[in-house]
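In: Requesting a structural model of the entry that follows:
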Amino acid sequence: MPTLDAPSAASHRKTARDARPGAPAVERQGDVWHLRSYEAVRQVLRRPDGVRQAGFNSELASRTGLRQPVLFEDGPAHHEHRTAIARFFTPATIDADYRQMMDELSETLVARLRTDGRADVSDLSLELAMQVAARVVGLTDSDRPGLAQRLEKILELDRLERLPWLRRIWSMTRVQGHVRRFLRHDVRPAIAARRERPREDVISHLMSKGYKESEILIECITYGAAGMATTREFIVVAAWHLLEDDGLRERYLAGDEAARTGVLHEILRLEPVVGHLYRRTTEDLEIQHDGSTTTIPAGARIDLDVRAANADAAAVGEAPLTLRPERQRAPRVQAPVMSFGDGAHRCPGAFLAMAESDAFLRRLLALDLEIVGTPSIGWNDLIEGYEVRGLEVAIRTSA
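Out: Next up, the predicted model:
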């Protein structure tokens with residue numbers, strides 16, 4: 001059975017966790033099935049039935065009796081919801097409604113760095129990602145500053161299914177106060193404003209479909225996490241790569257939009273922000289791999305290892321752990337590979353995330369910067385993603 005490449009001394013990957021050299025493409029450990037090859041992961045994500053969402057505490061959320069957010073839905077309900085919100089994330093909508101905002105905000109943030117002479121990139125990217133996500137979702141009428149911080153605190157919720165019940169209760173209680181503050185200061189003012197005047201945003205759409213306040217709250221947390229936390233982290237890790245690699249940075253800055261996006265996609269392939277996705281089988285599932293068939297039984301939990309799939313040489317070519325924007329991938333393998341997921345649950349905001357990252361990074365990197373702080377890497381267990389902090393940059397001064 002072929003095995004997958006693991007990080008080595010030659011790896012360009014700055015974030016690595018739980019790497020297992022020689023780990024098989026399909027493996028059962030206890031009651032969890034681990035899928036690590038591109039093809040095996042793709043088969044599960046593209047199935048129209050037979051599996052349901054099992055990550056991001058979705059299995060516990062399904063017991064609340066509330067209408068489930070789009071991230072947790074499956075089947076016809078999910079398809080209908082995704083079709084309805086697709087208009088908020090098309091390239092045409094982004095160019096018409098958000099491009100100027102992203103450009104102006106990026107200019108403002110870079111001008112602040114130019115004035116101060118020094119900044120933590122994670123602070124700048126947080127403000128950018130928060131404001132863009134808030135505009136798309138409709139969280140634009142908060143009655144108190146601190147939207148980003150309130151969402152950050154909510155995202156500190158643990159992966160509850162891993163915890164014994166007492167720890168689970170403690171974790172949920174700890175986060176509930178932050179959820180109530182987010183509802184009071186951000187969600188309710190947005191709902192009130194849209195009762196008077198609906199707008200072209202997600203909250204207005206949900207209200208038109210009769211969503212309850214509690215259901216809108218859950219959607220806002222879901223979109224906030226997806227739109228703010230993940231884009232923020234990608235911008236930081238992309239800046240880190242580009243600041244440390246002169247050739248890559250020059251290539252990025254000299255390229256047109258398509259070329260710059262190609263560089264960003266390759267960085268994202270190497271450093272996917274969400275490292276694992278989870279599904280639960282609702283029927284026996286056959287996976288074709290390595291010339292054989294494995295049957296995963298109904299009711300099994302599947303761990304889809306995005307980081308491993310993105311480094312599968314069969315899909316992405318030789319030296320999968322090096323950063324090569326010009327790499328030759330297998331036919332029909334997209335540039336970011338599985339970083340945005342695939343199938344029905346593929347991230348709807350993929351184009352938006354790349355557009356805002358590019359708007360900020362090309363302005364940031366036009367400055368003559370040096371890294372003056374040592375970045376640290378933490379991990380968010382809820383989204384199975386990295387958190388890079390302390391990437392401080394300063395404008396070079398002539399001696």
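In: Next, report how far stretch 134-141 is displaced from the centre of its chain.
Out: 18 Å (CA atoms, centre = their mean, to the nearest Å).
In: What's the end-to-end length of it?
Out: End-to-end distance of stretch 134-141 (CA to CA, to the nearest Å): 9 Å.
In: thinking I395 is in contact with R114, fair?
Out: Yes. With contact defined as CB atoms under 8 Å, I395 counts as touching R114 (6.7 Å). Heads up, the C-betas are built off the backbone N, CA and C, glycines and all.
In: Can you report how many residues neighbour A313?
Out: 16 (other CB atoms under 10 Å).
In: neighbour-wise, which of I395 and R114 wins?
Out: Taking neighbours as other CB under 10 Å, I395 and R114 compare with I395 leading, 15 against 11.
In: partner residues bridging that one?
Out: L369 (DSSP bridges).
In: E152: how many residues sit nearby?
Out: By other CB under 10 Å, 19 other residues sit near E152.
In: For it, which non-adjacent residue is closest in space?
Out: Once flanking residues are discounted, E152 sits nearest to A229: 7.6 Å by CB to CB, 6 or more residues apart in numbering.
In: residues contacting that neighbour?
Out: A129, L151, E152, L155, N380, I383, G385 (CB atoms under 8 Å, 6 or more residues apart in numbering).
In: related to what we said a few turns ago, what's the overlap in contacts for I395 and R114?
Out: Common contacts of I395 and R114 (CB under 8 Å, 6+ apart): L367.
In: can you list the weak-confidence ranges in this protein?
Out: Where the chain drops to pLDDT under 70, the residues are 1-11, 18-21, 55-73, 157-174, 398-399.
In: now the strands for it?
Out: Secondary structure of the chain (DSSP state E): strands at 26-29, 32-35, 51-53, 118-120, 276-281, 285-289, 292-296, 301-305, 369-371, 376-380, 385-389, 392-395.
In: Could you dump those into a markdown table with distance to Y223 added?
Out: Below are the strands of the chain laid out as a markdown table (distance: least, CB to CB, whole Å):
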| stretch | distance to Y223 |
| --- | --- |
| strand 26-29 | 33 |
| strand 32-35 | 27 |
| strand 51-53 | 16 |
| strand 118-120 | 25 |
| strand 276-281 | 18 |
| strand 285-289 | 30 |
| strand 292-296 | 31 |
| strand 301-305 | 22 |
| strand 369-371 | 32 |
| strand 376-380 | 17 |
| strand 385-389 | 16 |
| strand 392-395 | 29 |
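In: between those, which gets nearest to G341?
Out: strand 276-281 (6.4 Å; CB to CB).
In: Packing partners of the closest one?
Out: helix 38-45, strand 51-53, strand 301-305, helix 306-309 (3 or more CB pairs under 8 Å, 6 or more residues apart in numbering; DSSP states H and E).
In: Output that strand as CSV, restricted to C-alpha atoms.
Out: C-alpha atoms of strand 276-281 as CSV (Å, rounded to 0.1, in the frame of the first residue of the first chain):
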residue,chain,number,x,y,z
HIS,A,276,-9.0,18.1,9.1
LEU,A,277,-12.7,17.6,8.1
TYR,A,278,-15.0,15.0,9.6
ARG,A,279,-17.9,13.0,8.4
ARG,A,280,-20.2,10.3,9.8
THR,A,281,-21.3,7.5,7.5
